[in-house]
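Peer 1: here is my input, please return the structure:
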Amino acid sequence: MQTVVRGRPRVQDTADDIVASVLATAGPRVGGTEFSTRRIAELTGLSQTLVSRAVRRIRHPGQSTQRHAAPTAASPAAQRLRLMDFRVEYPRITLQFGTSASAAAPARRRFERRATALMAALWVSGAAAWTDPPRNSAAEPPSAEPSSLRAQWSPGADWEEFLAAVAALLDRCEPSEAALPGSLLRLLAARAGRGLLGVHWRAETESSGTDPIFDSNLLAVMEYPAPDRSPANRWLPRMELSATEQLAIALRKEMINSGFRPGDRLRPALFAQRLGLPPATVRTAMRQLADDGLLVQSSTGAASSTFRIPRVTGADVIDLYASRLHVGMVLLRACAAQPRHRLLPARLALGALEAAAAQGTRADVGEADLRFQQELAEASGLRQSARSFHALTLRVRMFIAVLQLDYTPAVDRLLRDDRRILTAVLEGRGDGAVRLWRGKLDNAVRHMSALAPESFDAALWDRLTR
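Peer 2: Take a look at the predicted model:
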C-alpha cells in the first residue's frame with residue numbers, strides 16, 4: 001500500500017487502493033474494455049473521476065494528478081524497451097528491461113493498461129513494509145553493476161523512488177502487448193494478494209513455450225501470517241493462511257493422493273518429511289486440528305500423540321451444513337447493506353473461481369468456492385460471525401477430504417449459484433441472497449451426505465433448516 005501523501009484527500013487514498021486491487025488481479029484481460037475507468041467505477045461504486053485519478057496515480061506515482069503525457073513517436077528511445085525479467089526474492093525486487101529488435105504492432109491503450117496493472121501489482125504487494133532480513137539470509141546479493149535498464153529495491157531504499165524508476169522505464173517501452181506479455185500479468189494476478197513472494201518471470205519463457213518460473217515453496221508453512229486480512233491488502237481476496245490452514249490443505253491433498261480412509265493413522269513425522277517442515281511444527285498444527293475436531297487424537301503424552309482421520313456420519317454432515325446455513329444467512333443479510341466497494345474482494349474471488357472452473361482441477365474449484373464464501377463473510381462487517389463461519393469452513397475442507405468429494409459434476413451449478421448470490425447482494429436483495437444460499441447448501445448437503453456411510457436423514461435436515 002502506498003504511504004499517505006500530505007494534502008491528498010482520504011477518499012482518494014481509499015480509491016487508489018481499491019483501483020490498484022482491481023487492476024493487479026485483472027491479468028491479461030486488463031487491456032480490454034471491461035477495465036476501462038467507467039467499468040471499474042461501476043464495479044467498485046466509486047465515481048469515474050476518482051477512478052481516473054487513481055489510475056494516473058498508480059501508473060505514475062508521486063506525480064501531479066494532471067494527465068501524464070505519454071511518450072510520442074518522436075521519441076524513438078521510448079519505443080525500444082521490453083521487460084525481460086521480473087523477480088521477487090525476499091528481500092529484493094528486480095525488474096530488468098532490455099532493448100527490443102522486433103516490430104510488434106502498436107497497441108498503446110492496451111500497453112498502458114498493462115503497464116498500470118504491473119504498477120498496481122507492486123502497489124498492493126506490501127513490499128514497502130518489508131524489514132531487513134536476518135544476516136544469514138540466503139537472498140541473492142544486489143547486482144554489482146548499476147544499469148539504466150534495471151529497477152531494483154530492497155528494504156532501506158526509497159520505495160517511492162523505486163516505483164518512479166519502474167514507471168519511467170515503462171515509459172520507454174514499445175507500446176505493444178509484447179513488451180509486457182500476458183504470462184507475466186497472469187502470474188502477477190495470481191500472486192497479487194500474497195506479496196508477490198517467489199515470483200520469477202523471464203521473457204525467454206514466452207518463446208520457449210515453458211511456464212513462467214514460480215517457486216511456491218519459497219516460504220515455509222510456519223511463516224504464513226494469521227488468517228486475518230493484511231491491512232495492506234484489505235481490498236484483495238484474503239490469500240494469507242495460518243499454519244494450521246496450510247497444513248489442513250496439505251493433509252487433505254495427501255489424504256486424497258494416498259487414499260487414506262476414515263480411521264487411518266496419520267504420522268506427523270511422515271508429513272513433516274513430505275512437507276519439508278520441522279516435526280514439532282507439524283505436530284503442533286495437527287494438535288490444533290484435533291482441538292477443532294478435524295482430527296482424532298489419542299495420546300499418553302505430547303511426544304506419543306497419535307492422530308487418526310475422523311469418521312464422518314450423515315448426522316455430522318447435516319449438523320455442519322445447518323450451522324453454515326444459519327450463520328451464512330446472517331452474513332448475507334449484512335452484506336446486502338454494505339456499500340459496493342466493500343464487496344470488491346468477493347467479486348475478485350468470484351473471478352478466481354471462474355478461472356479455476358475453466359483451467360483448474362476439481363480441488364481448485366472447491367477451494368475457490370470456499371474462498372468466495374469466506375470473502376462474503378468478511379465483507380459483512382460482522383467479525384464474530386465471520387470467524388464462526390471460517391471455523392466451519394475448516395471443517396468442510398476436512399469433510400471433503402474424508403469423503404473424497406468430487407466437485408467435477410457440480411462446477412456449472414457452483415458458478416451459477418455464486419454469481420446469482422453475489423448479484424443479489426450487490427443489488428441489496430438480502431432475502432433473495434438468502435434464498436439462493438439455502439438452495440446452494442441444500443444441494444451441497446445432499447451431495448456430501450450421499451457419500452457418508454449412512455442414509456441422508458431428510459427429516460432432520462428439514463427440521464433444522466426450515
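Peer 1: domain map for the protein?
Peer 2: 10-68+79-130+147-211, 243-308, 314-465 (automatic domain parsing).
Peer 1: so which of the ones you listed is nearest residue 236?
Peer 2: For the domains of the chain, the distance to residue 236 is smallest for domain 10-68+79-130+147-211, at 4.1 Å, taking CB to CB. C-beta coordinates here come from the backbone N, C-alpha and C atoms, glycine included.
Peer 1: weakest of the domains of the chain in terms of mean pLDDT?
Peer 2: Of all these, domain 243-308 carries the lowest average pLDDT, namely a mean of 74.
Peer 1: SS state for residue 148?
Peer 2: Following DSSP: H, G, I helix; E, B strand; the rest coil, we place residue 148 in the coil state.
Peer 1: how far away is it from residue 98?
Peer 2: 11 Å (CB to CB, to the nearest Å).
Peer 1: so those two - more neighbours on which side?
Peer 2: residue 98 (15 against 10; other CB atoms under 10 Å).
Peer 1: hang on, the earlier thing: what's the overlap in contacts for residue 148 and residue 98?
Peer 2: With contacts taken as CB atoms under 8 Å, 6 or more residues apart in numbering, residue 148 and residue 98 have no neighbour in common.
Peer 1: wasn't residue 260 part of a strand?
Peer 2: No - under three-state DSSP, residue 260 sits outside any strand and is assigned coil.
Peer 1: my guess is it contacts residue 307. True?
Peer 2: No - using CB atoms under 8 Å, residue 260 is not in contact with residue 307; the gap is 11.2 Å.
Peer 1: those two: which is more packed in?
Peer 2: Between residue 260 and residue 307, counted using other CB under 10 Å, the more crowded position is residue 307 (24 against 19).
Peer 1: after the helix or strand where the more buried one lies, next one along is what?
Peer 2: For residue 307, the host element (DSSP states H and E) is strand 306-308. Once strand 306-308 ends, the next helix or strand along the chain (criterion: DSSP H and E) is helix 314-335.
Peer 1: just the buried residues of that following helix, please?
Peer 2: Neighbour counts over helix 314-335 (16 or more other CB atoms under 10 Å) mark 314, 316-318, 320-325, 327-335 as buried.
Peer 1: the strand holding residue 307 pairs with which strands, parallel or anti?
Peer 2: strand 265-266 (antiparallel), strand 296-298 (antiparallel) (DSSP bridges).
Peer 1: ok, and what's touching the longest one?
Peer 2: Right, the one you point to is strand 296-298. Counting by CB under 8 Å, 6+ apart, 286, 287, 290, 305, 306, 307, 308, 309, 310 sit against strand 296-298.
Peer 1: just the buried ones from these, in PyMOL syntax?
Peer 2: Buried subset of these, written as a PyMOL selection, criterion 16+ other CB under 10 Å:
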select buried, resi 286+287+290+307+308+309+310
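Peer 1: quick one: the helices in the stretch 201-350 of the chain, in order.
Peer 2: Ranges of helices in the stretch 201-350 of the chain, per DSSP state H, counting those that start in this stretch, are 204-208, 243-258, 268-275, 279-291, 314-335, 344-359.
Peer 1: would JSON lines of the ones you listed with distance to residue 35 be doable?
Peer 2: Converted to JSON lines, these look like this (distance: least, CB to CB, whole Å):
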{"stretch": "helix 204-208", "distance to residue 35": "22"}
{"stretch": "helix 243-258", "distance to residue 35": "31"}
{"stretch": "helix 268-275", "distance to residue 35": "38"}
{"stretch": "helix 279-291", "distance to residue 35": "40"}
{"stretch": "helix 314-335", "distance to residue 35": "24"}
{"stretch": "helix 344-359", "distance to residue 35": "12"}
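Peer 1: pull the contacting residues for residue 105.
Peer 2: Listed by CB under 8 Å, 6+ apart, the contact set of residue 105 reads residue 176.
Peer 1: which SS state does it fall under?
Peer 2: Residue 105 ends up coil, using three-state DSSP.
Peer 1: next: residue 200.
Peer 2: strand.
Peer 1: hmm, residue 87 and it touching each other?
Peer 2: Yes - counting by CB under 8 Å, residue 200 does reach residue 87; the two are 4.3 Å apart.
Peer 1: and the helix or strand where residue 169 lies, what's buried?
Peer 2: Assessed by DSSP H and E, residue 169 sits inside helix 159-171. Residues of helix 159-171 classed as buried: 159, 162, 163, 164, 165, 166, 167, 169, 170, 171 (neighbour count, 16+ other CB under 10 Å).
Peer 1: identify the residue nearest the second one in space, chain neighbours excluded?
Peer 2: Right, the one you point to is residue 162. residue 153 (3.9 Å; CB to CB, 6 or more residues apart in numbering).
Peer 1: could you check how far the one you found is from residue 382?
Peer 2: Residue 153 is 38 Å from residue 382, by CB to CB.
Peer 1: now swap in residue 419 and tell me
Peer 2: For residue 419, the distance to residue 382 - CB to CB - is 23 Å.
Peer 1: of those two, who's got more company?
Peer 2: Shown here are residue 419 and residue 382; by other CB under 10 Å, residue 382 has more neighbours (18 against 14).
Peer 1: check contacts around the residue lying closest to that one once chain neighbours are set aside.
Peer 2: Among residues not flanking residue 382 along the chain, residue 334 sits closest, at 5.2 Å (CB to CB, 6+ apart). By CB under 8 Å, 6+ apart, the contact set of residue 334 is 380, 381, 382, 385.
Peer 1: count of residues packed around the last one?
Peer 2: Think residue 385. Neighbour tally, residue 385, other CB under 10 Å: 16.
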